[in-house]
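[1] below is the sequence, then the predicted model.
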Amino acid sequence: MQNPSPSRPPSAPAEPSGPPRTVIVLGGTGCVGRHVCAAFARRGHRAVVVARRPAAHLADHPFRSLDLSTASPADLRALFTEEGAHAVVNATDMGGATDVTSAADGGEARAAELLDASEGLARRLVRALAGIPSRPVLVHIGTIHEYGPGNPGTPLDETVPPAPSGAYARAKLAASRTVQSAADAGEISAVVLRLVNTCGPYPTPAGFVGKLLPTLRTAAETGAAPEVTVGDAVRDWIDVRDVAEAVVLAALRPAGNGTFNIGSGVGVPVRELVSQALTVAGLPDTGVREAPTRGLGADWIQADIGRARSLLGWAPRIPLRQSLSDMWDSKATSR
């Protein structure tokens, strides 16, 4: 069976009703942001990309240049007001700092930088949005790692007390708490989405699958067996286009303030993911070396996605094998 184009995910869910809206996508040129823009545009909404520099693959969307690391609440408020924003999506990747998620120290060497890039921006967003009478909805993208290491066999739900391991996860949790606290206090309207590991077309070069993809391409071009080192961890993987659908629903469907886990709800050993990636690339399952898990200290992660199903009306729909196949068919990683 022929795989669908990476730009057209299959079996789209029911469309949220309502007139066309303007949505501001902060970090719209990144891996998640580009798919979020596409998901809104497919529904006839106007997705405004906000980043330092434009990207050719988003030329069909309006673009506003802004350095989000230095933009003041007044700058952000002016942007949102000028564009008539109905919703704001924070899809930033902490100023390119996401490569720390694979570091052995969990980002401790950059703790202050990570906290400022994540929680600092969240704080300025809250101040900006609190001054807008129309109350645009903020969809803030967090991470499942905010909960800390999971227990084998026990899915993580939204009631689990957060206990993040490493500076990256702590910074992400601080940002999510800033957003949620402001929403709980009635200062803003906001939803926090905690994502598991993402895969699919145009992955970020900093993530595991983004680093795996060029390794597989080189092996396919040279005929040499790929050399891949994998940990002994179990992870929940979600296609980035499914993430984009969750963002649309969170922004356009009234579900109230809250935090939602976004994942497949299935734990997959990293070794199995690599095996499936090798298969879709037409490469032999050889040259894979296993090593103990390192990084964020989470050996087993699986999300409980019941809350997103019941309150957002969202469910994952792209299987892992198809996600990896579409990733292989995509021409380049996100820049």
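    Looks like it arrived, so ask away. Numbers count the residues shown, from 1 in each chain.
[2] switch to C-alpha atoms for all contacts and neighbour counts from now on
    Noted.
[3] now do the helices in the stretch 51-200 of the chain.
    Using DSSP state H, counting those that start in this stretch, the helices of the stretch 51-200 of the chain run over residues 73-83, 111-115, 121-130, 167-184.
[4] JSON lines for these, including mean pLDDT?
    Conversion of the helices of the stretch 51-200 of the chain to JSON lines gives the following (pLDDT from 0 to 100):
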{"stretch": "helix 73-83", "mean pLDDT": "98"}
{"stretch": "helix 111-115", "mean pLDDT": "91"}
{"stretch": "helix 121-130", "mean pLDDT": "98"}
{"stretch": "helix 167-184", "mean pLDDT": "96"}
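[5] pLDDT score for residue 335?
    Here the pLDDT value assigned to residue 335 is 45.
[6] now swap in residue 157 and tell me
    The confidence metric pLDDT takes the value 97 at residue 157.
[7] need the helices of the stretch 51-200 of the chain in JSON lines (columns: distance to residue 229 and mean neighbour count).
    Written out in JSON lines, the entries for the helices of the stretch 51-200 of the chain read as follows (distance: least, Cα to Cα, whole Å; neighbours: other Cα atoms under 10 Å):
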{"stretch": "helix 73-83", "distance to residue 229": "42", "mean neighbour count": "17"}
{"stretch": "helix 111-115", "distance to residue 229": "27", "mean neighbour count": "19"}
{"stretch": "helix 121-130", "distance to residue 229": "35", "mean neighbour count": "22"}
{"stretch": "helix 167-184", "distance to residue 229": "22", "mean neighbour count": "23"}
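[8] export those helices to CSV and tack on distance to residue 241?
    Formatted as CSV, the entries for these read as follows, by distance: least, Cα to Cα, whole Å:
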stretch, distance to residue 241
helix 73-83, 25
helix 111-115, 26
helix 121-130, 24
helix 167-184, 22
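[9] mind checking these for the one nearest to residue 285?
    helix 167-184 (32.4 Å; Cα to Cα).
[10] stretch 133-141: end-to-end distance?
    One end of stretch 133-141 sits 23 Å from the other (Cα to Cα, to the nearest Å).
[11] name the residue most distant from the centre of this protein?
    Ranking residues of the chain by C-alpha distance from their mean position (Cα atoms, centre = their mean) puts residue 223 at the top, at 33.1 Å.
[12] which residues of this protein fall in strands?
    With DSSP state E as the definition, the chain shows strands at residue ranges 22-26, 46-51, 63-65, 87-90, 137-143, 189-195, 197-199, 228-231, 234-239, 258-262, 267-269, 288-291.
[13] now the nearest residue to residue 198 once chain neighbours are set aside: how far from residue 27?
    Among residues not flanking residue 198 along the chain, residue 238 sits closest, at 5.0 Å (Cα to Cα, 6 or more residues apart in numbering). Distance, residue 238 to residue 27, by Cα to Cα: 19 Å.
[14] this completes my enquiry, with thanks.
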